[in-house]
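**Student:** Give me a 3D structure for the following:
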Amino acid sequence: MSRMTVFLVIVSLATVVSAGYVNDWDSPFNFRCPDNQIISYTSSIHDNRKEDRRWEFLCRTAGKTHSCIDSGYVNEFDEPIVYTCPGNKVMVGAHSYHSNKHEDRRFGFYCCDVKGRSPRNCYDTGYVNDWDQKLTLVVPEGKAIKAAFSHHDNRREDRRWKYQICTL
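**Tutor:** Numbering: from 1, shown residues only. The predicted model follows:
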């Protein structure tokens, strides 16, 4: 193998090793990217027996983050999520807890300004998952998550998600 191939294999393995679920079934999570990083990827799997999702996130460097906020919980159980980071802030994390009674989660988000950069040319992703299916969102290089939208179905005991992505 060439040196470049070996390097790419090592980088790929390092990425896989660094990815991991931030919660177990029915358990809370509190995830925030390190300083100066934003969310670059999120994924979630659903379990019909547990009626819950496990979540994973990856981050990438975006520039100096500052003036960060915690939204607090933005939804009640079984209710929609319609949340946009205020001002020029973009998402750098999320926190959540699960209720077995409701078979749903409440969510909150962490948002930060990125020095010298402001979100523009935003677009909605459309749904990034179907009921009971894997959710995958890859945020393209040079872009950031500005908003999250979700709704819950009591019959399926799951949520569908869409996001707003902006050039940063």
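**Student:** quick one, what contacts the one residue sitting closest to the centre of the chain?
**Tutor:** Geometric centre of the chain, nearest residue: Thr42, 4.6 Å, by CA atoms, centre = their mean. Neighbouring residues of Thr42 by CB atoms under 8 Å, 6 or more residues apart in numbering: 55-58, 135-137. For the C-beta atoms, the positions are set from N, CA and C on the backbone; glycine is no exception.
**Student:** I'd like the distance between Ala147 and Gln164.
**Tutor:** 4 Å (CB to CB, to the nearest Å).
**Student:** shared neighbours of the two, anything?
**Tutor:** Thr84.
**Student:** just to revisit the earlier point, quick check: beta-bridge partners of the residue nearest to the centre of the chain?
**Tutor:** Beta-bridge pairing for Thr42 (DSSP bridges): Phe57, Leu137.
**Student:** Next one: it from Thr125, what distance?
**Tutor:** From Thr42 to Thr125 the distance is 11 Å (CB to CB).
**Student:** Check Arg117 too.
**Tutor:** 20 Å.
**Student:** those helices in the protein, which residues are they?
**Tutor:** Using DSSP state H, the helices of the chain run over 3-18.
**Student:** Low-confidence ranges, it, go.
**Tutor:** 1-19 (pLDDT under 70).
**Student:** same thing but 50
**Tutor:** Residue ranges of the chain with pLDDT under 50: 1-18.
**Student:** residue contacts, Glu51?
**Tutor:** By CB under 8 Å, 6+ apart, the contact set of Glu51 is 103, 157-158.
**Student:** buried ones in stretch 99-118?
**Tutor:** 102-114, 117 (16 or more other CB atoms under 10 Å).
**Student:** ok, now stretch 34-49?
**Tutor:** 36-40, 42-46.
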